[in-house]
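Colleague: mind looking at a prediction? Sequence and model below.
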Amino acid sequence: MPIQYDQRIFDALKDRLSKPLPGKEVQYEMSAFHHGKGQINFNFEFEPKESSVLITLFLRNGQICFPLIQRPQYSGIHSGQIGLPGGKVEKRDKDKIDTALRETEEEIGVSSSDIIVLGGLTELFVQASHYNVVPIVGYLPYEPEYRPDPKEVSRVIEGRVDDLLDDKNKKVKDLLVRGKYFVTAPYFDLNHEIIWGATAMILNEFSAVLKDIIK
């Protein structure tokens, strides 16, 4: 039976996010690992870039949902992958919260001025892209109408909090990365969408936070 939520859950979530977080140990429960011949070269000659992503929560039919995006096919490492709206920090951004809000508006058309920021999760270093990622959590007080940027987003996918909380949706499979590396990847099966990598790690910590406030 799905949990029926109301506005009070967002107040409880804001309070929980102001306290010590589950942290990297919980994130790394969903970390993929390489096996087989050859090593993946993650050597970079520059400092990690700074970035942030946004978990935008809203109520739809009594359920808490959040948008994910699928990247278009291109030559980069995240080609075709499903993740959270977000991107790298730019000079015009006041802070990483500003980055997450700006990128979300640019990518899926949700007005950044309408999003109420609840807090943040543990910063995550993503080896594959050489980025430091700060996950921000926000609340949108209405159901969004998406206007995805076709250069950034091939489609918008809605996840449900109830599916994150159901451990039956945590699975593991082998994936081929960059066309030549096999990795064993824990992932979330969200309505038959495979959510793995850094996004799964972020959502696993978010799930742990949610479990703290609804248990």
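Modeller: Nice, I can see it. Residues are numbered from 1 along each chain as shown.
Colleague: and the strands in the chain?
Modeller: 33-35, 49-60, 63-70, 82-83, 86-88, 116-120, 124-126, 131-139, 155-160, 170-177, 181-190, 193-196 (DSSP state E).
Colleague: out of these, which is the most enclosed?
Modeller: Each of the strands of the chain was given a mean neighbour count from mean count of other C-beta atoms under 10 Å, and the largest, a mean of 23, is that of strand 131-139. Yep, even glycine has a C-beta here, placed from its N, CA and C like the rest.
Colleague: what angle do strand 116-120 and that strand make with each other?
Modeller: Angle between the axes of strand 131-139 and strand 116-120 is 140 degrees (criterion: axes from the mean of the first three to the mean of the last three C-alpha atoms, to 10 degrees).
Colleague: strand 131-139 pairs with which strands?
Modeller: Its sheet considered, strand 131-139 pairs with strand 49-60 (parallel), strand 116-120 (antiparallel), strand 124-126 (antiparallel) by DSSP bridges.
Colleague: between those strands, which gets nearest to Ser18?
Modeller: strand 116-120 (6.1 Å; C-beta to C-beta).
Colleague: mind listing residues that contact the closest one?
Modeller: Residues from elsewhere that reach strand 116-120 (C-beta atoms under 8 Å, 6 or more residues apart in numbering): 10, 13-14, 16-18, 57, 96-97, 101, 134-141.
Colleague: coming back round to it: closest to Glu193 out of the strands paired with strand 131-139?
Modeller: Between Glu193 and the strands paired with strand 131-139, the tightest spacing by C-beta to C-beta is seen for strand 49-60, at 15.7 Å.
Colleague: check contacts around the nearest residue to Lys211 once chain neighbours are set aside.
Modeller: Spatial nearest neighbour of Lys211, excluding adjacent residues (C-beta to C-beta, 6 or more residues apart in numbering): Leu165 at 6.5 Å. By C-beta under 8 Å, 6+ apart, Leu165 lies in contact with Ile3, Ser207, Leu210, Lys211, Ile214.
Colleague: next one, pLDDT for the first one please.
Modeller: Spelled out, that is Ile3. For Ile3, the model assigns a pLDDT of 74.
Colleague: can I assume it is in contact with Arg160?
Modeller: No - in this structure, Ile3 is not within contact of Arg160 by C-beta atoms under 8 Å, at 10.2 Å.
Colleague: now do Tyr142, the pLDDT please.
Modeller: Value for Tyr142, per-residue pLDDT: 97.
Colleague: residues near Leu121, how many?
Modeller: Leu121 has 26 neighbours, counted by other C-beta atoms under 10 Å.
Colleague: okay, now the unreliable bits of this structure?
Modeller: For the chain, the stretches with pLDDT under 70 are 1-2, 35-45, 74-79, 178-180.
Colleague: distance check, Arg71 against Gln7.
Modeller: To Gln7, Arg71 is 33 Å away according to C-beta to C-beta, to the nearest Å.
Colleague: tell me which of the two has more neighbours.
Modeller: Neighbour totals were compared for Arg71 and Gln7, and Arg71 leads with 17 against 9 (other C-beta under 10 Å).
Colleague: which of the residues in the lengthiest helix in the chain are buried?
Modeller: When the chain is parsed with DSSP state H, its longest helix is helix 197-214. Buried residues in helix 197-214, counted by 16 or more other C-beta atoms under 10 Å: 197-210.
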